[in-house]
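Asker: here is my input; please provide its structure:
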Amino acid sequence: MTQFIGEAFGYICGICTMISFIPQAIKSIRTRNVAGLSLSMYFIYCTGLVFWILYGIYLKSIQMIICDVITLLFSGIILYLIIVDRRKKRLCSNSKKMV
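Answerer: Here you go, the predicted structure:
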């Protein structure tokens, strides 16, 4: 019974973390507005998730792997949108300087 409770807590924690990024991902995709989001925070977070996935593989923890892969997908989308937005702003800024 104790192992079942531990597994259940693992799934609950993973699902909560995973779900927490869905609203931001949807809003960022719909509006393409990521101006207020931190590039360094999302980069560090995504890097941490990669290591959590590797740790989950090491532990053979299916719930850790699944939840972290899905969370990485959502936070990675946001990170990608931030990078694209910053590049676009940099290109626009550079083209204005050339004129």
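
Asker: residue ranges for the strands of the chain, please.
Answerer: In the chain, no segments count as strands under DSSP state E.

Asker: what about the longest helix in it?
Answerer: helix 62-98 (DSSP state H).

Asker: and that one, what's buried?
Answerer: 63-72, 74-79, 81-82, 85 (16 or more other C-beta atoms under 10 Å). Every residue, glycine included, has its C-beta placed from N, CA and C.

Asker: likewise for stretch 23-42?
Answerer: Those would be 24, 25, 28, 34, 42, for stretch 23-42 by 16+ other C-beta under 10 Å.

Asker: hey, C-alpha coordinates of it in PDB?
Answerer: Written as PDB, here are the backbone C-alpha positions of stretch 23-42 (Å, rounded to 0.1, in the frame of the first residue of the first chain):
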ATOM      1  CA  PRO A  23      -2.500  28.000 -19.800                       C
ATOM      2  CA  GLN A  24       0.700  30.000 -20.500                       C
ATOM      3  CA  ALA A  25       1.500  27.900 -23.600                       C
ATOM      4  CA  ILE A  26      -2.000  28.300 -25.000                       C
ATOM      5  CA  LYS A  27      -2.000  32.100 -24.300                       C
ATOM      6  CA  SER A  28       1.500  32.500 -25.800                       C
ATOM      7  CA  ILE A  29       0.500  30.500 -29.000                       C
ATOM      8  CA  ARG A  30      -2.700  32.400 -29.500                       C
ATOM      9  CA  THR A  31      -1.400  35.900 -28.800                       C
ATOM     10  CA  ARG A  32       2.200  35.500 -29.900                       C
ATOM     11  CA  ASN A  33       2.900  37.900 -27.000                       C
ATOM     12  CA  VAL A  34       5.800  36.700 -24.900                       C
ATOM     13  CA  ALA A  35       7.300  40.100 -24.100                       C
ATOM     14  CA  GLY A  36       6.800  39.800 -20.400                       C
ATOM     15  CA  LEU A  37       8.300  36.300 -20.100                       C
ATOM     16  CA  SER A  38      11.900  35.600 -19.100                       C
ATOM     17  CA  LEU A  39      14.100  33.900 -21.600                       C
ATOM     18  CA  SER A  40      16.700  32.800 -19.000                       C
ATOM     19  CA  MET A  41      14.000  31.400 -16.700                       C
ATOM     20  CA  TYR A  42      12.500  29.200 -19.500                       C
END
